[in-house]
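K.L.:
build the 3D model from these lines:
(one chain, ligands or ions: 1)
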Amino acid sequence: MISTNVLLGLEGKTAVVTGAGGIICSRIAEGLCEVGMNVMLLDIDEARAIEQAAILKEKFPEVIVEGFFANVLDKRSLESAKKRILSFVSAIDFIVNGAGGNSPKATTQAEEIIPGVNDELTNFFDLEMDGFDHVFNLNFKGTILPTMVFGKDLIERGEGGILNISSMNAFRPLTKIPAYSAAKSSINNFTQWLAVHFAKTGVRVNAIAPGFFVTTQNKFLLFDEKGNNTERGQKIINGTPMGRYGEIDELVGTSVYLLSDMSKFVTGVVIPIDGGFSAYSGV
Ligand code: NAD
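P.N.:
Got it, this is the predicted structure:
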């Protein structure tokens, strides 16, 4: 019988993962080690990248794992990380563009403006443009730049792949977070665009769209100070046919699949991992 790792074809290949100090991408990085890949963890929080790398090194001594500082919004910092990466491995095969997030500065308190009823809540007109810029840049430009810096190597060797991280709100925007919704929507568009642009090079480009997972970036929207579901948290649960938040582990299988030989003829797709949220009309 052929082993799963042979079918996946990822053993001994190297992935660069941005935002790898974070909750989702540190787990995806671990999943890549589990299938025999070398993983280079990049984060603006250098200590977290190094700390996560140390955990993985201990758990997976058979692969090469290193953590580095890199700001996905600064080409020079990515280039300097690349130079350091190539002193540990001979080539970069895959990119996981994981750095991203939302900001309270680009989040309204009101879901909708209801004149005379919720005038005290902040709305569209109170959003701070620098918050908008930050969220848009981090998610969109923060996917473009690492792809430019690391992607050329993939094209030159004519193999490998790119995995972008979109979100549920890319398909239909969620209330309160217009910058994040628009930025993630741009990831879907860019994933399709780049997939076509690279289609004849041997390099595939896909994305996952996680549904609702509790992490640092969204905790303040889902739970009150006592840890109870906010009204919004309850709405999410009601809108998710499986009736629960996702477990971070549940993002790993689809991520591995999209990088692996199992999806050889798949490019330009965005796969929801959402317990049915995007399939459900609410009725
Ligand atoms: P997280 O905040 O735990 O991790 C994000 C990581 O990115 C952090 O370690 C942070 O230091 C790093 N980062 C921030 N700015 C950076 C920069 N300029 N350069 C390099 N690194 C930077 O968030 P997470 O929930 O693990 O999110 C990971 C990805 O998944 C993000 O793209 C997020 O938008 C997306 N996502 C999350 C959810 C969810 O439910 N948490 C849902 C859909 C999509």
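K.L.:
so which bits of stretch 43-56 are buried?
P.N.:
Buried positions in stretch 43-56, judged by neighbour count with 16 or more other Cβ atoms under 10 Å: 43-44, 48-50, 52-53, 56. All C-beta atoms are positioned from the backbone trio N, CA, C, and that covers glycine.
K.L.:
near the ligand, which of the residues you listed show up?
P.N.:
The subset of these within reach of the ligand, counting by Cβ under 6 Å from any ligand atom, consists of 43-44, 48.
K.L.:
need those residues in TSV (columns: secondary structure).
P.N.:
What follows is those, written out as TSV (DSSP: H, G, I helix; E, B strand; the rest coil):
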residue	secondary structure
D43	strand
I44	coil
R48	helix
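K.L.:
need those residues in CSV (columns: pLDDT).
P.N.:
What follows is these, written out as CSV (pLDDT from 0 to 100):
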residue, pLDDT
D43, 98
I44, 98
R48, 98
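K.L.:
might you report the residue contacts of T14?
P.N.:
37-40, 64, 85, 89, 91-94 (Cβ atoms under 8 Å, 6 or more residues apart in numbering).
K.L.:
now do stretch 257-268: everything it contacts.
P.N.:
Contacts to stretch 257-268, defined as Cβ under 8 Å, 6+ apart, come from residues 7-10, 15, 32, 35, 94, 96, 161, 163, 191-192, 195-196, 198-199, 204-208, 269, 271.
K.L.:
got the CA positions of stretch 191-206 in PDB?
P.N.:
The C-alpha trace of stretch 191-206 is given here as PDB (Å, rounded to 0.1, in the frame of the first residue of the first chain):
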ATOM      1  CA  THR A 191      -6.100  34.100  -5.600                       C
ATOM      2  CA  GLN A 192      -8.100  33.600  -8.900                       C
ATOM      3  CA  TRP A 193      -6.000  36.200 -10.700                       C
ATOM      4  CA  LEU A 194      -2.700  34.700  -9.700                       C
ATOM      5  CA  ALA A 195      -3.900  31.200 -10.300                       C
ATOM      6  CA  VAL A 196      -4.500  32.100 -14.000                       C
ATOM      7  CA  HIS A 197      -1.300  34.100 -14.200                       C
ATOM      8  CA  PHE A 198       0.700  31.100 -13.000                       C
ATOM      9  CA  ALA A 199      -1.300  28.300 -14.500                       C
ATOM     10  CA  LYS A 200       1.200  27.300 -17.100                       C
ATOM     11  CA  THR A 201       4.200  27.500 -14.800                       C
ATOM     12  CA  GLY A 202       3.400  24.500 -12.600                       C
ATOM     13  CA  VAL A 203       2.700  26.700  -9.600                       C
ATOM     14  CA  ARG A 204      -0.800  26.500  -8.200                       C
ATOM     15  CA  VAL A 205      -2.600  29.200  -6.100                       C
ATOM     16  CA  ASN A 206      -5.500  28.400  -3.800                       C
END
